[in-house]
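Trainee: just need the structure, nothing else, for what follows:
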Amino acid sequence: MRYLILIHRYLGTAVGIVMVGWCLSGVVMMYVRYPELSHAGRLRHLQPLDWQGCCAAGTKSVADDASVEAFQIESLAGRPVLHLQFADRHVQLRDLFNGQAISRVSIPQATALARGATAQPARLLGLIDYDEWTVSGDFNQARPLYLFALDDASGTRVYVSIRTGRMVQVTTSRQRFWNWLGAVPHWLYFAQLRRNVAWWNQVVIWTSLAGCFLTLSGLYIGIRQFLRRPAGRWSAYRGLLYWHHLPGLVFGLFALTWVASGLISINPWGFLDSQASHSALDALLGPPTSGAQVNEELRRLSGTVLPRGIVAIESARLWGQPYLLATDNNGIRQRLDAGGSAQPLRDADWRRIAKTLGAATASAPQLIVTGDSYYYSRPGVPQSFPVRRLILNDRDRTRYYLDPVTGTPLGVIDSDARWYRWLHRGLHTLDFSAAVRSRPLWDAVMLVLLAGVTLLCGTGTWLGWRRYIRIRRR
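Mentor: Here you go, the predicted model:
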């Protein structure tokens, strides 16, 4: 027992301060999320496509034998450009007016994109590989990045890829300030550390494991000492030890579940990797589009009069057949056939989708307009509605959430994903039901619990440091 107390004391001295940081930064994260530019948010910044005179020269933009995973047509400095993502993951950008490849987006083109639909001047700050807000591997295909500052009251900064000609990140001064006190210390998301993904993973895993051992040992010691307390007293301790012991009995379990669920958030060693069938998804989408098919779609589109306000045309293949998705500047989407005519999904299509994904019956997936336990909006993270939900009768009761316009999956929930949802999001943010996560009830509960765990970790850290200083003085 003596050795366990010593280990708990000195481990608490080192790890306790990290756990205090996790609690305080968690309060910030309740109100300010890490900046992230969604696909829909990016499209809102685009100028409408100028389709007049386009795109006869661009109808032979792709080699006929190429294998194209996805393509999009968007506006870059007033000119329609074609974004190509090939099956081998490399990307290419082409000007549809002349069919020429764009190997490097120019500063004037990037400046026009950074300004977007606003009238704010965009000032180039430099060309960067990464910084604190673009350190994730999700940006790797886009690097290097132009960094612009907009002359607005929010202190907006915009990141534009030199390779893809796309806006990839937007931050404000408020987000940058509060995230240095929120997500960055909470996730240990310091750029130099996070840049090395393998090393960052190990640091998070072993720090979290140390926190789990610290809280488990503290709970054991605390309960044991509580059972041995003198009659008529809550604790055998006095002074600061008293204020560490009692909060440990009350809030220690929450400290343990928060550290453990934080560890689960990065899915260490892949123990909750989703086992959802990729073959079903591949069958739904079908093989990649050939270059010849892309050229034919471009040829047919070149003679089409697009509706006003269209900001993007994207590929949306189904069963290997080429379809398109047009989005206007109000975010309204429309599914088109290869010739540009409206082609919404019919009931027969939905029944075929369900059958392709493994449904035992040929019923259409259910249309839902509000969330359920696995697909729902939460503070700071809105989800799009309506969606189509398909629940299979397989061993895992797999759920598919399908885009109502294109039929493509927005989310897949199997048994591993279900465990991840409850063990991470449920335990880490008390996100067990809509009633619990409703505000201001959720804020009140979380703030009380965070205050208690902060008191527990703060007193433990100070006791350890005080003991260490005394030993050094001796």
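
Trainee: which parts of the stretch 101-250 of the chain are strands?
Mentor: For the stretch 101-250 of the chain, the strands defined by DSSP state E, counting those that start in this stretch cover 122-128, 145-150, 157-161, 167-171.

Trainee: what pairs with the first one, parallel or antiparallel?
Mentor: By that I understand strand 122-128. Sheet pairing for strand 122-128, assigned by DSSP bridges, gives strand 145-150 (antiparallel).

Trainee: the third one too?
Mentor: Looking at strand 157-161 with DSSP bridges, its paired strands and their directions are strand 145-150 (antiparallel), strand 167-171 (antiparallel).

Trainee: hmm, who's touching the shortest one?
Mentor: Read that as strand 167-171. 35-37, 41-42, 45, 113-114, 116, 133-134, 139, 142, 145, 156-161 (Cβ atoms under 8 Å, 6 or more residues apart in numbering). (C-beta placed from N, C-alpha, C; glycine too.)

Trainee: bridging across strands, which residues link to the nearest residue to residue 169 once chain neighbours are set aside?
Mentor: Counting by Cβ to Cβ, 6 or more residues apart in numbering, residue 169 lies nearest to residue 159, which is 4.1 Å off, once chain neighbours are set aside. Applying DSSP bridges to residue 159 gives these bridge partners: residue 147, residue 169.

Trainee: just checking, residue 159 touches residue 145?
Mentor: Yes: contact criterion Cβ atoms under 8 Å: residue 159 and residue 145 qualify, at 4.6 Å.

Trainee: what residues are up against residue 107?
Mentor: Here residue 107 is in contact with 124, 146 (Cβ under 8 Å, 6+ apart).

Trainee: how much space between it and residue 83?
Mentor: 20 Å (Cβ to Cβ, to the nearest Å).

Trainee: for residue 432, same thing?
Mentor: Shown here: residue 432 relative to residue 83, a distance of 41 Å by Cβ to Cβ.

Trainee: quick one, which of these two is more surrounded?
Mentor: Between residue 432 and residue 83, counting by other Cβ atoms under 10 Å, residue 83 is the more crowded of the two (20 against 13).

Trainee: how about residue 40, what does it touch?
Mentor: 331, 384.

Trainee: alpha carbons of the host helix or strand of it, as CSV, please.
Mentor: Element membership for residue 40 (DSSP states H and E) is helix 39-44. The C-alpha trace of helix 39-44 is given here as CSV (Å, rounded to 0.1, in the frame of the first residue of the first chain):
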residue,chain,number,x,y,z
HIS,A,39,-17.7,21.0,-47.8
ALA,A,40,-20.9,22.9,-47.7
GLY,A,41,-19.2,25.9,-46.0
ARG,A,42,-16.5,25.9,-48.8
LEU,A,43,-19.2,25.9,-51.5
ARG,A,44,-20.8,28.9,-49.9
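
Trainee: average pLDDT for it?
Mentor: In this model, helix 39-44 carries a mean pLDDT of 89.

Trainee: likewise stretch 351-364?
Mentor: 87.

Trainee: so what touches it?
Mentor: Here stretch 351-364 has contacts from 277, 280-281, 283-284, 318-319, 345, 347, 350, 365, 388, 390, 392-394, 398, 400, 402, 407, using Cβ under 8 Å, 6+ apart.

Trainee: still on that earlier bit, okay if I get the strands paired with strand 157-161 as TSV plus distance to residue 23?
Mentor: Putting these into TSV (distance: least, Cβ to Cβ, whole Å) gives the following:
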stretch	distance to residue 23
strand 145-150	33
strand 167-171	25
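
Trainee: now do the most far-flung residue of the chain relative to its centre, the pLDDT please.
Mentor: Relative to the mean C-alpha coordinate of the chain, counting by Cα atoms, centre = their mean, the farthest residue is residue 231 (52.6 Å). At residue 231, the model reports a pLDDT of 78.

Trainee: gap between it and residue 409?
Mentor: 62 Å.

Trainee: what does residue 173 give?
Mentor: Using Cβ to Cβ, we find residue 173 at a distance of 37 Å from residue 409.

Trainee: over to residue 151?
Mentor: 41 Å.

Trainee: before we move on, what about residue 357?
Mentor: Distance from residue 357 to residue 409, by Cβ to Cβ: 8 Å.

Trainee: now do the shared contacts for these two.
Mentor: Counting by Cβ under 8 Å, 6+ apart, the residues touching both residue 357 and residue 409 are 281, 284, 400.

Trainee: checking my notes, the second one in a strand, right?
Mentor: Looking back up the chat, that one is residue 284. No: counting by DSSP: H, G, I helix; E, B strand; the rest coil, residue 284 is not part of a strand but helix.

Trainee: leaving out sequence neighbours, find the closest residue to it.
Mentor: Distances taken as Cβ to Cβ, 6+ apart put residue 356 closest to residue 284, at 4.9 Å, once the chain neighbours are dropped.

Trainee: and for the last one?
Mentor: In space, residue 400 comes closest to residue 390 once its chain neighbours are excluded; the distance is 4.4 Å by Cβ to Cβ, 6+ apart.

Trainee: how many residues are close by that neighbour?
Mentor: For residue 390, the count of nearby residues is 21 (other Cβ under 10 Å).
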